[in-house]
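Colleague: The following block contains a protein sequence and its predicted model.
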Amino acid sequence: MSAVTERQPAIDVSSREARGRLASMVTQLLEHWHLTAAEQAEILGLSPGSRSTLARYRGGEPLADNRDLLDRAGHLLGIHKSVRLLFPRDRDLAYRWMTQPNRRFGTRPVDLVIEHGFEGLLSVRRYLDFQRGQ
């Protein structure tokens, strides 16, 4: 089988090391999006006052071995990938996209996620996947 068609092995998110790398990637992404600490917590499904948890994640502590949190992290990285593919020459726009008003949603994408939780996150991701497919 050629290298192009071979699938990469899935990352074992049950390992602390993998969840630590994931925590680093996600917290950096949320910082690039210029979200407040309360917005960051809510987007991750944490209580808005979970600043200490966010600080631990930023400091290298692995994400909790929690399916909801890990799924959210995966979708956030998927959203980032889609936005980067849609705007390959404008990194600033890619990082601002989540916090800019969007006519399709009638609000900022981040507000949709905060208001509707996991379903809002999925809506944003599906929308971007659809836009990439056009």
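Modeller: Cool, the structure landed.

Colleague: got any ranges where the chain has weak pLDDT?
Modeller: Scanning the chain for pLDDT under 70 picks out the ranges 1-11.

Colleague: what's near enough to touch the residue positioned nearest the centre of it?
Modeller: In the chain, the centroid-proximal residue (C-alpha atoms, centre = their mean) is Leu76; its distance is 1.6 Å. Taking C-beta atoms under 8 Å, 6 or more residues apart in numbering, we find Leu76 in contact with Val26, Leu29, Leu30, Ile43, Leu121. The C-beta positions use only the backbone N, C-alpha and C, and glycine is treated the same way.

Colleague: swap the cut-off to 7 Å and go again
Modeller: Counting by C-beta atoms under 7 Å, 6 or more residues apart in numbering, Leu76 touches Val26, Leu29.

Colleague: ok but Gly60 is inside a strand, no?
Modeller: No - assignment of Gly60 by DSSP: H, G, I helix; E, B strand; the rest coil gives coil, placing it outside any strand.

Colleague: Please report phi then psi for it.
Modeller: phi 110, psi 0 (degrees, to the nearest 10).

Colleague: my guess is it contacts Arg21, does it?
Modeller: No - counting by C-beta atoms under 7 Å, Arg21 is not a contact partner of Gly60; they are 9.7 Å apart.

Colleague: As a check, name the ranges of all helices in the protein.
Modeller: Along the chain, the stretches classed as helices by DSSP state H are 16-32, 37-43, 51-58, 67-86, 91-96, 109-116, 118-133.

Colleague: what's the second one in contact with?
Modeller: This means helix 37-43. The contact list for helix 37-43 (C-beta under 7 Å, 6+ apart) reads Leu30, Leu35, Ser47, Pro48, Ser50, Arg51, Leu54, Val110, Val113, Ile114.
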